[in-house]
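Engineer: below are the sequence and a predicted model; questions follow.
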Amino acid sequence: MKEINCMSSFRNKPLQTKGLPPGIPYIIGNEAAERFSFYGMKSILLVFMTTYLVQPDGGLDTFSIKEAEAWNHLFVASAYFFPIVGGILADAFLGKYLTIIILSLVYCLGHASLAFMGYSGDTRMWLFAGLALIAIGSGGIKPCVSSHVGDQFSSGNKNLLSKVFGWFYFSINLGAFMSGLLTPFLLEARNSIGSFGGKIYPYMEFLVGEKKQDEIIFGVHYAFGLPGVLMALATLFFWLGRKDFAHIPPRGLIYFRETFSIKSLRPIFRLTLIFSFVIMFWALFDQIGTTWQIQARSLDRVLPEWIPFFGGKEMLASQVAAVWNPLFILILIPVFSFYIYPFISRFINLTALRKMSIGFWVMGFAFAIVSVLQHFIDIGTFPSVGWQILGCFFLTASEVMISITCLEFAYTQAPKNMKSLVMAFFLLTVSLGNFLTSQVKFLLLESDGSSKMNESQELWFWTFLILMTAFVFRYVARNYKTVEHLHEA
């Protein structure tokens, strides 16, 4: 209780202001660095498990592609399950600030385990231990950080909440974009003549030592180490903002009586109806890091010359979705906020649920693009990666309409004493979506590591499911009644 009582020296309610709360920059900076660490690690996990996983004696010990895909989705499912635990810790016992600080340290330990695996012991055990710690740490802080943003606002400046949640999501994808460029490069860049790796190697030799022609310059330890460094910086940056935050105090044991009463659970039951559809969105969306990444290995990944900075260069398969998805997010958030949404609102009342409804149809179109693309790969052609990038564009548009919208929607619909828990239930949709995907992939797995479906059949299977989801959600959204809950100053 001593740690909890020390929070009394901080402000325990939002400032009465019409401007931006002073703690927001610390939260946004923390989120950008933390998301760099998570997405950076996640972007190289599949290729590491299928290509670079070795034991300390130098023996290759990789997973099959389908095994690695299934384990990747199971890891993401785990990471998004622990928000339930973090939400209860924050709302009932520790408060959001202490929960974030403590679990961030667990998060850092997980990154350390990945960075040092391969030096001694069983590499697979270090891998799973690191992923477990990251799942606990990253999952536990997720609902706390997003609801901590909302806690900084009162009715006096609630008009800024939508914009700040947009910038919150922007910071997530800025971190993801930078990690998508750097982390796969650190894992796979080689000292090859004419390559970017070959050009920078002379400047990096003092750090990595002498490397032979075509040898990997940095490798596994640097690639997994950099996300760990960023997570440590994220923790430090959040700590620096402690005096500027509104620290909404935990409720204590009364939280459980209030939370699990019929009256309190009714809003969650109502939100569960919406969340059940979002599960299917995540079941498809997170395949950009697995199924889409495997597809990218069979594409011509040399970018057209007219693309600024990257024209004429070949992307790594692990970079394609990891770079283009967050880049499109950075572009599309302001485009949707300032142009597309206002334009559509001239003709219809564009509610949050209507945005989500449109988003499901857009996602179906995105998966149809990569399904057709896979057909051309299967018949022996070598299509341009530009087609997958086009699919990624529409997939990202659906993300803006569904994920960002539902994030804000979940917070505003949550009762005032249950913000973290309701945000945790929103994040649980990511867990259940990835768990669904992992179980489908495990179910399709043959004893030799192959799949009962070819890639084209599987992609069309997911396309059909999301289009059916879009059709049913359209009718649900029409009849759902919204009720907003925000803190008073």
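Structural biologist: Structure received.

Engineer: quick one, what contacts K243?
Structural biologist: F10 (Cβ atoms under 8 Å, 6 or more residues apart in numbering). For the C-beta atoms, the positions are set from N, CA and C on the backbone; glycine is no exception.

Engineer: confidence score at it?
Structural biologist: You'll see K243 listed with a pLDDT of 86.

Engineer: buried ones in the one helix or strand K163 maps to?
Structural biologist: Using DSSP states H and E, K163 maps to helix 161-188. Across helix 161-188, burial judged by 16 or more other Cβ atoms under 10 Å covers 161, 164-188.

Engineer: what do you get for stretch 356-375?
Structural biologist: So stretch 356-375, judged by 16+ other Cβ under 10 Å, has buried residues 356-374.

Engineer: what about F425, distance to I466?
Structural biologist: With the distance defined as Cβ to Cβ, to the nearest Å, F425 ends up 21 Å from I466.

Engineer: neighbour count: these two, which is higher?
Structural biologist: Neighbours per residue (other Cβ atoms under 10 Å) separate F425 from I466, with I466 holding more: 24 against 20.

Engineer: what's the burial count for H221?
Structural biologist: 16.

Engineer: tell me, what's the model's pLDDT at it?
Structural biologist: 93.

Engineer: contacting residues for it?
Structural biologist: A115, F116, G118.

Engineer: where does the prediction get shaky in this structure?
Structural biologist: Residues of the chain meeting the criterion pLDDT under 70: 1-8, 416-421, 482-489.

Engineer: before we move on, the earlier item: other SSEs contacting the helix holding K163?
Structural biologist: Helix 161-188 sits against helix 24-47, helix 123-151, helix 220-240, helix 320-335, helix 405-413, with contacts defined as 3 or more Cβ pairs under 8 Å, 6 or more residues apart in numbering; DSSP states H and E.

Engineer: so how far is it from its chain's centroid?
Structural biologist: In terms of Cα atoms, centre = their mean, to the nearest Å, the centre of helix 161-188 is set 9 Å apart from its chain centre.

Engineer: what angle do that helix and helix 24-47 make?
Structural biologist: Going by axes from the mean of the first three to the mean of the last three Cα atoms, to 10 degrees, helix 161-188 is angled at 40 degrees with respect to helix 24-47.

Engineer: my guess is I344 contacts L350. True?
Structural biologist: Yes - the criterion here is Cβ atoms under 8 Å, and I344 meets it with L350 at 5.2 Å.

Engineer: what sits against I136?
Structural biologist: F82, V85, L103, V106, Y107, G110.

Engineer: can you tell me how far it is from Y222?
Structural biologist: When I136 is compared with Y222 (using Cβ to Cβ), they lie 25 Å apart.

Engineer: neighbours of the spatially closest residue to A92 that is not a sequence neighbour, how many?
Structural biologist: Nearest residue to A92 in three dimensions, chain neighbours excluded: Y255, at 4.0 Å (Cβ to Cβ, 6 or more residues apart in numbering). The local packing of Y255 (other Cβ under 10 Å) involves 18 other residues.

Engineer: and the helices and strands packed on helix 161-188 as a markdown table, adding distance to G289?
Structural biologist: Shown next, in a markdown table, are these (distance: least, Cβ to Cβ, whole Å):
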| stretch | distance to G289 |
| --- | --- |
| helix 24-47 | 6 |
| helix 123-151 | 14 |
| helix 220-240 | 15 |
| helix 320-335 | 6 |
| helix 405-413 | 20 |
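
Engineer: number of nearby residues for G209?
Structural biologist: G209 has 8 nearby residues by other Cβ under 10 Å.

Engineer: is it possible to get JSON lines of the contacts of H221 that adds neighbour count and secondary structure?
Structural biologist: Output for the contacts of H221, formatted as JSON lines (neighbours: other Cβ atoms under 10 Å; DSSP: H, G, I helix; E, B strand; the rest coil):
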{"residue": "A115", "neighbour count": "22", "secondary structure": "helix"}
{"residue": "F116", "neighbour count": "16", "secondary structure": "coil"}
{"residue": "G118", "neighbour count": "20", "secondary structure": "coil"}
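
Engineer: mind putting those into JSON lines with distance to T51?
Structural biologist: Below are the contacts of H221 laid out as JSON lines (distance: Cβ to Cβ, whole Å):
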{"residue": "A115", "distance to T51": "18"}
{"residue": "F116", "distance to T51": "20"}
{"residue": "G118", "distance to T51": "14"}
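
Engineer: my read is that the residue nearest to A92 contacts D91, right?
Structural biologist: Yes - using Cβ under 8 Å, Y255 makes contact with D91 at a distance of 5.7 Å.

Engineer: burial of G380, as a residue count?
Structural biologist: 6.

Engineer: which SSE is immediately downstream of the helix or strand hosting F367?
Structural biologist: According to DSSP H and E, F367 maps onto helix 352-378. Downstream of helix 352-378, the first helix or strand assigned by DSSP H and E is helix 386-399.

Engineer: quick one: that next one to chain centroid distance?
Structural biologist: 16 Å.

Engineer: next, give phi and psi for G209.
Structural biologist: In terms of degrees, to the nearest 10, the main-chain angles of G209 are phi 90, psi -170.

Engineer: kindly report the same for the one 5 residues further on.
Structural biologist: Here is the backbone geometry of D214 (degrees, to the nearest 10): phi 70, psi 10.

Engineer: which ones are touching it?
Structural biologist: R190, N191, S192.

Engineer: for these, which single residue is the most surrounded?
Structural biologist: N191 (22 neighbours).

Engineer: contacts for stretch 13-26?
Structural biologist: 149, 151-154, 156-157, 160, 164, 237-238, 240-241, 244-246, 248, 487, 489.

Engineer: make a ChimeraX selection of the buried ones in those.
Structural biologist: Buried residues within the contacts of stretch 13-26, by 16+ other Cβ under 10 Å, are selected in ChimeraX with:
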select :149,151,152,153,154,157,160,164,237,238,241,244,245,246,248,487
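
Engineer: greatest separation within the contacts of I136: which pair is it?
Structural biologist: V85 and G110 (15.3 Å; Cβ to Cβ).

Engineer: the more surrounded of the two?
Structural biologist: It is G110, of V85 and G110, that has more neighbours when counted by other Cβ under 10 Å, with 24 against 16.

Engineer: hang on, that one packs against G137?
Structural biologist: Yes - the pair G110 and G137 passes the contact test of Cβ under 8 Å, sitting 5.9 Å apart.
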